[in-house]
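**Student:** Provided below are the primary sequence and the corresponding predicted coordinates.
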Amino acid sequence: MEIGQLTTDEAIALENKYGAHNYHPLPVVLDRGEGVFVWDVEGKKYFDFLSAYSAVNQGHCHPAIVDAMTEQAKRLALTSRAFFNSRLGEYEKYITEYFAFDKVLPMNSGAEAVETAIKLARKYGYEKMGVAPEKAKIIVANDNFHGRTTTIVSFSNDKDARKNFGPYTPGFESIPYNDLDALRKAVAQDNVVAYLVEPIQGEAGVNTPADDYIRKAKAICAEHKVLFIADEIQTGIARTGSLLAVCGNCTCAGHCEQQAETYTRPDILILGKALSGGAYPVSAVLADDAIMNVIKPGQHGSTFGGNPIAAAVAIAALQVVKDEKLAQNARRLGAIFRAEMIKLADEFEIVKLVRGRGLLNAVLINDTEDSSTAWDICVSLMHNGLLAKPTHGNIIRFAPPLVMTEEQLMQCIAIIKSTIASFEKK
Ligand SMILES: *Cc1c(COP(=O)(O)O)cnc(C)c1O
């Protein structure tokens, strides 16, 4: 069978028959991508407004990333960490300088990086903070999404993610998001080692906290000597209009440390998704020596983590973000997008609200949580040449690749407008 020779129905039938049904995709079968566009097996072209959950910030098949990947794949793909490899050190220097941390621990998927951060925080708690044996507690936020491992779903409050996967890992306590008083109370308890939080909750529907929430949350953690762990797997790498969402209003695409007023420095930073521009599973945990050095040989690892292809791809992907000023573009286009969506909300009953930052935005649909309206709108958007996906509770996330031009964005806004208009209750 040649690639791309299946019809839409045939490809869907194969996935339905032979694949586990752990996703509910829109009925489109994608075959090719370039920049902000993807094409289905029938040759129809779409604007991608999901960007693989913000993994493809640099656009599909970015030539610099593809070149780095193919060249390295031809030279050396995997050594395991039983040996040094010629690309890893160079990458570690590059990424730690880029984000201004002493050290990085390379992993592959986002969930693995979150697990790594949890292990790191616990170990630091026992060895450096005097936490009682087996008592370490990590505070998390309600409606969080940090991945799919047994431990991570243990502190999710999403029924689907959790139900019948127990027994659950203890040692987590969930508090309301965007609630500083709740955080103050939680971190005042004994044996709390960390607060693990997303600067904007992407999967929860681009749940965007008060502008000063992250900065104040970090200050509370610092006051109580509790580690502040930022999960920027979805919000990081230019998506929200700055290099990291914790950078606040800073537009620099490099060292945010200089921007003391807006930058909130996490003790542990978790990255994934766009760290490879979507080309390869690459994730990372960044921290300073005092924290990272609690991990000694044999205590944590991954066969593929830090492999030469991942190292080459991640350098290329991060360089694209700087060279093409993607944070600045996300910031500028995001403001235009939200202004246009606010007009839509004024004009049409069915659009309740728009929220987000940079090019991570969501439109809330004015209907009951269990109605299929957001899904139906997404199907209609698909027919009109734009791919977006509903999230929980009748919310549509709009997150195009950050390489989009203003002209392309205006075309997309026109598609969204006409689609929404066709749904307006008469
Ligand atoms: C996607 C995501 C993860 C999990 O990443 P995977 O690569 O799917 O394991 C964790 N945290 C956040 C905030 C995410 O968006």
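**Tutor:** Arrived safely, thanks for sending.
**Student:** residue contacts, the closest residue to the ligand within the stretch 1-150 of the chain?
**Tutor:** Nearest residue of the stretch 1-150 of the chain to the ligand: Gly110, at 2.1 Å (Cβ to the nearest ligand atom). From N, CA and C alone the C-beta is placed, and that goes for glycine too. When contacts are counted by Cβ atoms under 8 Å, 6 or more residues apart in numbering, Gly110 is found next to His146, Gly147, Ile233, Ile270, Gly272, Lys273, Ser283.
**Student:** contacting residues around the fifth one?
**Tutor:** The contact partners of Gly272, by Cβ under 8 Å, 6+ apart, come to Ala55, Ser109, Gly110, Ala113, Ile233, Pro281, Val282, Ser283, Ala284.
**Student:** kindly recompute the last result at 10 Å.
**Tutor:** By Cβ atoms under 10 Å, 6 or more residues apart in numbering, the contact set of Gly272 is 53-55, 107-114, 147, 231-234, 236-237, 281-285.
**Student:** the helix or strand where Leu286 lies: what's the following helix or strand?
**Tutor:** Leu286 is part of strand 283-287, with elements assigned from DSSP states H and E. Scanning forward in sequence from strand 283-287 by DSSP H and E, the next helix or strand is helix 289-292.
**Student:** helices or strands up against that next one?
**Tutor:** Contacting helix 289-292 under the criterion 3 or more Cβ pairs under 10 Å, 6 or more residues apart in numbering; DSSP states H and E are the following elements: strand 103-107, helix 110-128, strand 283-287.
**Student:** I'd say Gly205 and Phe398 touch.
**Tutor:** No. Counting by Cβ atoms under 10 Å, Gly205 sits too far from Phe398 to count as a contact (11.6 Å).
**Student:** any shared contact partners between these two?
**Tutor:** Gly356, Ala362, Val363.
**Student:** redo those as CSV? Include secondary structure, pLDDT and neighbour count.
**Tutor:** Supplementary listing: the shared contacts of Gly205 and Phe398 in CSV, determined by DSSP: H, G, I helix; E, B strand; the rest coil; pLDDT from 0 to 100; neighbours: other Cβ atoms under 10 Å:
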residue, secondary structure, pLDDT, neighbour count
Gly356, strand, 97, 25
Ala362, strand, 97, 26
Val363, strand, 96, 30
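**Student:** geometric centre of this structure: which residue is closest?
**Tutor:** In the chain, the C-alpha nearest the mean C-alpha coordinate belongs to Gln234, at 1.2 Å (Cα atoms, centre = their mean).
**Student:** what pairs with the strand holding Leu286, parallel or antiparallel?
**Tutor:** Strand 283-287 sits in its sheet next to strand 103-107 (antiparallel), strand 268-271 (antiparallel), going by DSSP bridges.
**Student:** looking at the ones you listed, which is buried most?
**Tutor:** strand 268-271 (a mean of 27; mean count of other Cβ atoms under 10 Å).
**Student:** now look at it and say if it contacts the ligand.
**Tutor:** No. Judged by Cβ under 6 Å from any ligand atom, strand 268-271 and the ligand are separated, with a smallest distance of 7.2 Å.
**Student:** just the CA trace of that strand, in PDB.
**Tutor:** Provided in PDB are the C-alpha atoms of strand 268-271 (Å, rounded to 0.1, in the frame of the first residue of the first chain):
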ATOM      1  CA  ILE A 268      11.800  23.700  37.700                       C
ATOM      2  CA  LEU A 269      10.700  24.300  34.100                       C
ATOM      3  CA  ILE A 270       9.000  21.500  32.100                       C
ATOM      4  CA  LEU A 271       9.100  21.700  28.300                       C
END
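**Student:** from the chain's centroid, how far away is that strand?
**Tutor:** Computed by Cα atoms, centre = their mean, to the nearest Å, the chain-centroid distance of strand 268-271 equals 11 Å.
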